[in-house]
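**Student:** here's my sequence, what's the structure:
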Amino acid sequence: MGLKRRLRVTQRAMERAMLGVSLRDQIRNEEIRRRARVTDIAQRVAKLKWQWAGHIARRTDGRCGFKVHKWRARTGKRSVCRPPTRWTNDIR
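**Tutor:** Residues are numbered from 1 along each chain as shown. Here you go, the predicted model:
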């Protein structure tokens, strides 16, 4: 969840810079998004992830994609007694 939040914050900062809007102007994020005509980065990333998962699921030639599908992320630490995060957790 932290990565999605950081992506959204960065995207909002970039949209403000594109439009020349300051935080002091107190314009809502929805208004900035409407003016910039840009889609939400978290939604775009999720959509691309689903597309890639479908692509990997349809392949039958035994290339390394299935190994990547089962890959476990080593970034960040989970709390005690929690399993490590996996790429497929978002897809389930």
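**Student:** going by C-alpha atoms from here, please, whenever you check contacts or count neighbours.
**Tutor:** Noted.
**Student:** how close does K47 get to G54?
**Tutor:** Distance of K47 to G54, given as Cα to Cα, to the nearest Å: 11 Å.
**Student:** R8 contacts Q43, doesn't it?
**Tutor:** No: applying Cα atoms under 8 Å as the test, R8 and Q43 come out as separate, 9.9 Å apart.
**Student:** between the two, which one's more packed in?
**Tutor:** Neighbour count, other Cα atoms under 10 Å: between R8 and Q43, R8 has more, with 16 against 12.
**Student:** just after the helix or strand hosting that one, pick out the following helix or strand.
**Tutor:** For R8, the element it lies in under DSSP states H and E is helix 2-19. Once helix 2-19 ends, the next helix or strand along the chain (criterion: DSSP H and E) is helix 29-36.
**Student:** quick one: buried residues of that following helix?
**Tutor:** For helix 29-36, a neighbour-count test (16 or more other Cα atoms under 10 Å) marks 32-33 as buried.
**Student:** on that earlier part again, tell me the average confidence for the helix holding R8?
**Tutor:** Averaging pLDDT along helix 2-19 gives 90.
**Student:** what's it packed up against?
**Tutor:** Here helix 2-19 touches helix 29-36, helix 41-58, going by 3 or more Cα pairs under 8 Å, 6 or more residues apart in numbering; DSSP states H and E.
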